[in-house]
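J.: Below is the sequence, then the predicted model.
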Amino acid sequence: MKIEQIYTGCLAQGAYYITSNGEATIIDPLREIQPYIDRAKADNVKIKYIFETHFHADFVSGHVDLAKATGATIVYGPNAKTAYEAHIATDGEILKLGDITFKVLHTPGHTMESTCFLLIDENGKDNAIFSGDTLFIGDVGRPDLAQKAASMTQEQLAATLFHSLRDKVMTLADDVTVYPAHGAGSSCGKNMSKETVSTIGEQKQANYALRADMTEAEFVKEVTDGLLPPPGYFGMNVMMNKTGYDNITEVMERGLQALTPAAFEAAANETGAVVLDTRNAQNFSEGFIPNSINIGLDGQFAPWVGAMLPDVKQELLLVTDLGQEEETVKRLARVGYDHVLGFLNGGFDVWKNAGKEVDTVTRITAEEFAQKFKKEQIVIDVRKPGEFAAEHVDGAKSIPLDFINEDMAQFPKEDAFILHCAGGYRSMIAASILKSRGYDNFIEVIGGFGAISKTEVPKTDYVCPSTLRKA
């Protein structure tokens with residue numbers, strides 16, 4: 001038996017490849033399926049099953065394409081309804097893979113079809129649980145995403161999750177390994193650990209939601225407290241995972257159209273496509289195509305694309321670092337953005353050398369900010385409410401990047417302001433959006449609050465999160 005966790009940092013997502021005696025299963029695969037096929041070929045095993053722990057909202061699974069390519073059976077838990085052929089397992093059903101077995105544990109609450117898969121080894125011992133979004137390391141799945149589909153409130157879903165955890169998961173032996181679908185950075189929970197593997201025993205001790213003395217009412221209150229609205233693209237990803245999608249190869253071929261500056265400009269003018277620049281913050285600030293949006297490939301690229309551009313059908317034109325074109329199209333496809341029209345061949349330098357119009361973002365260091373800081377200055381912090389609550393520049397205003405499209409009117413049109421986040425990634429996203437909306441009266445701080453915290457700029461240690469914007 002072999003268990004391999006295939007973790008994708010930019011999505012904070014864990015897929016799993018398990019083999020036993022000539023057979024394999026993939027759990028929650030990413031959309032690009034060739035790596036799984038290559039692994040199986042190298043190990044001389046046949047992919048028998050594709051286990052889906054639920055209908056994912058934050059990425060497009062590769063289950064449909066992988067089943068077509070390998071003949072493997074897609075397996076969901078109870079309540080799942082798909083537009084393609086799949087095996088809808090019953091609670092407690094046993095599925096054999098080589099010399100091991102998997103027991104289906106229906107664990108509704110995050111969504112109503114959410115299911116864990118318990119691996120029972122060759123000796124009949126409970127070995128590991130693949131917990132999807134039911135149980136994370138340090139957290140549990142948020143219970144607000146499936147309200148409409150389930151005709152339930154988030155409180156009712158949370159109560160359902162409480163019983164799923166206590167009846168199906170916490171009853172397992174302490175030495176059973178926990179393999180979740182996500183880690184820190186995912187929007188599917190709110191308090192996930194950076195660790196991606198744990199045990200049932202460790203989680204009983206460390207996970208706030210698994211406290212032995214916790215009542216249902218306490219669980220519901222704590223799990224639902226402080227939830228931010230989910231990114232707008234989540235619902236569209238769920239639908240793609242339920243109904244199917246275009247083949248990833250076709251999506252890649254469409255998106256990898258190399259365009260000259262003239263063709264790129266014409267496409268932008270004729271289609272209304274968003275120009276998405278994926279270079280790092282510093283390079284973008286020094287020069288970019290006017291009205292383009294910067295979301296760097298060096299950060300949590302796909303989730304921020306989903307948050308800032310919530311319509312997955314939005315047409316896109318790409319500006320990337322040389323050699324990053326294919327990677328960019330692939331990462332967009334992972335979250336359902338299949339309508340890339342092409343990329344600027346040769347990158348931004350080709351645009352600039354062609355004499356095309358260029359815009360910039362003015363940046364200052366944290367030390368320069370400290371030298372000119374005055375309390376009456378307008379400082380806007382685009383970090384999440386919890387980050388702002390923990391510590392922030394004295395007098396700063398919180399406008400989280402997550403809500404920038406809704407809260408644009410809160411940015412001053414006439415008065416100058418200073419913009420920062422934690423490290424510069426999110427503030428440059430915000431800066432590019434502000435520029436595209438006609439704002440030119442701000443400067444951005446290099447290194448964000450991480451750099452500012454090392455200066456003598458006055459800071460407020462704490463503010464009650466309840467006074468900040470919440471869901």
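T.: Everything's here; your move. Numbering: from 1, shown residues only.
J.: count of residues packed around the closest residue to Tyr425 other than its chain neighbours?
T.: Closest residue in space to Tyr425, ignoring its immediate chain neighbours: Gly299 at 4.3 Å, by Cβ to Cβ, 6 or more residues apart in numbering. From N, CA and C alone the C-beta is placed, and that goes for glycine too. When neighbours are counted by other Cβ atoms under 10 Å, Gly299 registers 20.
J.: Confirm for me that Gly299 is in contact with Ser427.
T.: No. The pair Gly299 and Ser427 does not pass the contact test of Cβ atoms under 8 Å, sitting 11.5 Å apart.
J.: Domain parsing of the chain, as residue ranges.
T.: 2-235, 246-345, 363-467 (automatic domain parsing).
J.: re earlier: give me the three-state assignment for the residue nearest to Tyr425.
T.: coil (DSSP: H, G, I helix; E, B strand; the rest coil).
J.: Helix or strand: which one has the residue nearest the centre of the chain?
T.: Nearest to the mean C-alpha position of the chain, by Cα atoms, centre = their mean, lies Pro303 at 4.0 Å. Of the helices and strands defined by DSSP states H and E, Pro303 is found in helix 301-308.
J.: ok, now Leu318?
T.: Going by DSSP H and E, Leu318 is in strand 316-319.
J.: partners of that strand, with directions?
T.: The pairing partners recorded for strand 316-319 under DSSP bridges are strand 274-277 (parallel), strand 340-344 (parallel).
J.: quick one: the residue nearest to the centre of the chain and Leu11 touch, right?
T.: Yes. Taking Cβ under 8 Å as the definition, Pro303 is a contact partner of Leu11 at 7.0 Å.
J.: for Arg437, what are its contacts?
T.: Arg437 makes contact with Met408 under the criterion Cβ atoms under 8 Å, 6 or more residues apart in numbering.
J.: Need the CA coordinates for the strand holding Leu318. CSV is fine.
T.: Output of strand 316-319 as CSV, limited to C-alpha atoms (Å, rounded to 0.1, in the frame of the first residue of the first chain):
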residue,chain,number,x,y,z
LEU,A,316,-9.2,37.4,-20.2
LEU,A,317,-6.0,38.6,-21.9
LEU,A,318,-2.8,37.7,-20.2
VAL,A,319,0.5,39.5,-19.5
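J.: Identify the residues contacting that strand?
T.: With Cβ under 8 Å, 6+ apart as the criterion, strand 316-319 contacts 255, 259, 264, 267-268, 273-279, 288-289, 292, 309, 325, 328-329, 332, 337, 339-344, 347-348, 351.
J.: Make a ChimeraX selection of the buried ones in those residues.
T.: In ChimeraX, this line selects whichever of the contacts of strand 316-319 come out buried by 16 or more other Cβ atoms under 10 Å:
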select :255,259,264,267,268,273,274,275,276,277,278,279,288,289,292,309,325,328,329,332,337,339,340,341,342,343,344,347,348,351
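J.: re the thing from before, quick one: mean pLDDT over the strand holding Leu318.
T.: For strand 316-319, the mean per-residue pLDDT is 98.
J.: Which helix or strand lies directly C-terminal to that strand?
T.: helix 325-334.
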